[in-house]
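[1] sequence and predicted structure are below.
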Amino acid sequence: MAQPSLVSSSSPSLLAFPKALSLSLDFLRSSQSMASRWLRPEVYPLFLAVGAAVGICGFSLVRHICINPEVRVSKENRAAGVLDNFAEGEKYQEHMLRKFVRNRSPEIMPGINSFFADPAK
């Protein structure tokens, strides 16, 4: 007489569980190797550069959506169509940074530039 099976044919095999556990452990090992590959001090400048770029893009996106007079998010404002509101556009264009750098010389390091350009001083 045949012995009764411990696992029915409709239920998943108990022998498949160690294989699934093995696959999940392999995934953890691969993620640890991925972390050890990317979280090294040599990669920190790359993270910094990408983070700065994402921050600048996010700042620009939020600034244009929230402050730009030509962007209308609400349905009521979109129904108004094109407005000839030059004062609001001028206020948006002439922001604080533009006012700050308007009368400055276009040099990054003016002290070093004047030192090498005018050595007689």
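    Received, thanks.
[2] okay, CA-based contacts and neighbour counts for the rest of this
    OK.
[3] how about the helices in this protein?
    For the chain, the helices defined by DSSP state H occupy 16-38, 44-67, 75-79, 86-93, 96-101, 110-117.
[4] redo those as JSON lines? Include mean pLDDT and mean neighbour count.
    As requested, the helices of the chain are arranged in JSON lines below (pLDDT from 0 to 100; neighbours: other CA atoms under 10 Å):
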{"stretch": "helix 16-38", "mean pLDDT": "64", "mean neighbour count": "11"}
{"stretch": "helix 44-67", "mean pLDDT": "93", "mean neighbour count": "12"}
{"stretch": "helix 75-79", "mean pLDDT": "75", "mean neighbour count": "10"}
{"stretch": "helix 86-93", "mean pLDDT": "79", "mean neighbour count": "12"}
{"stretch": "helix 96-101", "mean pLDDT": "85", "mean neighbour count": "10"}
{"stretch": "helix 110-117", "mean pLDDT": "84", "mean neighbour count": "10"}
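[5] so who does residue 68 touch?
    Residues counted as contacts of residue 68 (CA atoms under 8 Å, 6 or more residues apart in numbering) are 89, 92.
[6] one more time with 7 Å
    residue 92 (CA atoms under 7 Å, 6 or more residues apart in numbering).
[7] tell me the pLDDT at it?
    In this model, residue 68 is scored at 81, pLDDT.
[8] please report how far it lies from residue 85.
    Going from residue 68 to residue 85 by CA to CA, to the nearest Å gives 12 Å.
[9] also residue 103?
    27 Å.
[10] centroid-nearest residue for this structure?
    The centre of the chain sits closest to residue 54, judged by CA atoms, centre = their mean, with a distance of 3.3 Å.
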